[in-house]
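S.K.: Sequence plus predicted model, see below.
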Amino acid sequence: MIGRSQEEAGILVVDDELPVVKFLVRALESAGYRRVRGVTDPSEAMSLLADRSLDLLVLDLRMPGTDGFAILEEVRRRVSADEYFPVIVVSGLGDAEARARAILAGAKDFVSKPIDVREFVARIGSLLETRLINLRLRETRLALEELFRRRSREAQGAQHELLDRLSRVAEIRDDPTGEHPARVGRLAGIIAQELLLPEEDIRLIMRAAPLHDLGKVALPDRVLLKEGAYTESERLQMQEHTTLGAGLLRGGDSSLIQMAEEIALNHHERWDGAGYPQGLRGEQIPLSARIVAVADAFDAMTHPRPHRAALTVAEALAELERESGAQFDPEVVAAFLRAHDWHPGLFGEPLSGQDVNGGQPRRVVR
């Protein structure tokens with residue numbers, strides 16, 4: 001008697017001789033299989049192969065019109081490479097060449113006519129057992145893959161939340177709102193988009209940019225919150241926030257943490273080589289840091305801090321233009337100005353009713 005797991009297996013018998021079909025269907029039903037169907041028309045069999053509840057095919061080779069080899073080829077076309085779908089050939093062609101050709105075409109077993117019922121039913125059971133094991137394994141694999149994807153999404157979300165909170169901790173001491181990191185990330189994303197960087201790079205820069213000043217958590221209040229000019233010693237101590245931030249982020253495995261480290265270390269380098277901590281010049285400075293340098297400067301200039309008032313947007317834009325080619329990468333400044341021209345409302349100014357260039361609105365990172 002077959003196991004319960006096999007009782008509902010879908011079996012299709014295809015043979016152009018009706019007595020053979022009736023004989024095989026009756027033998028399978030007597031063995032306990034409940035979903036057995038037999039057909040004598042090979043073309044009908046071809047249409048039935050689309051039934052996803054079908055688990056096994058019993059197939060004759062020599063039939064008029066569409067022969068068994070054509071049906072085997074159709075099975076191969078329809079069934080994915082990782083799915084075990086058994087076909088058992090039942091044929092009067094008992095020579096070794098026909099057997100080999102059938103196996104090479106995808107058949108899993110071969111039974112010669114006249115048929116021994118007990119042997120036939122035993123082979124059917126063995127093939128279906130393998131089929132059901134394969135299905136369970138596929139279901140388990142798909143479930144594990146979905147679990148992995150869900151866990152990855154959850155972990156990524158947790159990582160982003162943690163990084164967002166870290167960036168706020170770093171900034172809250174000299175920006176009571178704690179919104180500077182998020183604004184810098186948004187502006188950096190707008191610039192990266194205007195530079196036509198790949199979508200993944202844009203997303204990374206937006207996520208990593210808010211951590212640019214992470215090293216400020218290690219600075220004493222007497223330096224970070226000082227009003228007025230720094231002494232030389234205090235200036236050098238303030239500059240250490242770049243290396244301190246990079247040190248906190250060093251050794252990360254994800255591309256996000258690696259970019260955040262790159263930005264934290266290099267966002268105060270200058271295009272003319274007069275920046276810190278390494279005195280890099282021009283394109284020696286990573287592009288991500290050149291982008292964040294402009295975004296950070298603009299946001300810092302247009303928002304008040306305890307020791308200074310804010311500039312207007314127009315004044316800040318003029319300052320960026322003056323420093324283009326000196327403090328800032330000219331191409332990055334140009335991209336920033338283009339983005340401002342297209343969408344001034346994203347930079348602290350109200351949007352006009354129509355695009356300033358008279359064209360279609362550009363895609364905007366929000």
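M.R.: That came in fine, so what should we check first?
S.K.: Just give the closest residue to Ala102, not the sequence neighbours.
M.R.: Val89 (4.7 Å; C-beta to C-beta, 6 or more residues apart in numbering). For the C-beta atoms, the positions are set from N, CA and C on the backbone; glycine is no exception.
S.K.: need the contact list for Glu315.
M.R.: By C-beta atoms under 8 Å, 6 or more residues apart in numbering, Glu315 lies in contact with Met301.
S.K.: Try it again at 10 Å.
M.R.: By C-beta atoms under 10 Å, 6 or more residues apart in numbering, the residues touching Glu315 are 301-302.
S.K.: For the residue nearest to Ala102, I want the exact helix or strand it lies within.
M.R.: Using DSSP states H and E, Val89 falls within strand 87-91.
S.K.: Could you give the separation of stretch 51-69 from the chain centroid?
M.R.: Centroid separation for stretch 51-69 versus its chain: 40 Å, with C-alpha atoms, centre = their mean, to the nearest Å.
S.K.: measure it end to end?
M.R.: 19 Å (C-alpha to C-alpha, to the nearest Å).
S.K.: which of the residues in it are buried?
M.R.: For stretch 51-69, the neighbour count (16 or more other C-beta atoms under 10 Å) marks 54-61, 63, 66, 68-69 as buried.
S.K.: taking these one by one, which sit in strands?
M.R.: In this view, the buried residues of stretch 51-69 that belong to strands under DSSP state E are 54-59.
S.K.: Quickly check the residues you listed for the two that are furthest apart.
M.R.: Within these, Asp55 and Leu59 form the most distant pair, 13.9 Å apart (C-beta to C-beta).
S.K.: Where does Val111 sit: helix, strand or coil?
M.R.: Put simply, Val111 is strand when judged by DSSP: H, G, I helix; E, B strand; the rest coil.
S.K.: quick one on the thing from earlier: so, if you compare the buried residues of stretch 51-69, which one comes nearest to Ala96?
M.R.: Leu61 (13.8 Å).
S.K.: so who does Glu8 touch?
M.R.: With C-beta under 10 Å, 6+ apart, Glu8 has these contacts: 33-35, 53, 55.
S.K.: can you do 8 Å?
M.R.: By C-beta under 8 Å, 6+ apart, the residues touching Glu8 are 34-35.
S.K.: which intervals of the stretch 101-250 of the chain have sub-threshold pLDDT?
M.R.: Scanning the stretch 101-250 of the chain for pLDDT under 70 picks out the ranges 148, 151-178.
S.K.: Give the pairing partners of the strand holding Val89; include direction for each.
M.R.: In the sheet, strand 87-91 lines up against strand 54-59 (parallel), strand 109-112 (parallel) (DSSP bridges).
S.K.: Make CSV out of the ones you listed and add distance to Ala122.
M.R.: Shown next, in CSV, are the strands paired with strand 87-91 (distance: least, C-beta to C-beta, whole Å):
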stretch, distance to Ala122
strand 54-59, 14
strand 109-112, 10
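S.K.: So for Leu211, which of those sits nearest?
M.R.: strand 54-59 (54.3 Å).
S.K.: okay, that closest one in PDB with CA atoms only?
M.R.: The C-alpha coordinates for strand 54-59 follow below in PDB (Å, rounded to 0.1, in the frame of the first residue of the first chain):
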ATOM      1  CA  LEU A  54       1.000  16.900 -12.400                       C
ATOM      2  CA  ASP A  55       3.700  14.900 -10.600                       C
ATOM      3  CA  LEU A  56       4.600  12.000 -12.900                       C
ATOM      4  CA  LEU A  57       4.200  11.100 -16.600                       C
ATOM      5  CA  VAL A  58       3.800   7.500 -17.900                       C
ATOM      6  CA  LEU A  59       4.700   7.700 -21.600                       C
END
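S.K.: Done for today, thanks.
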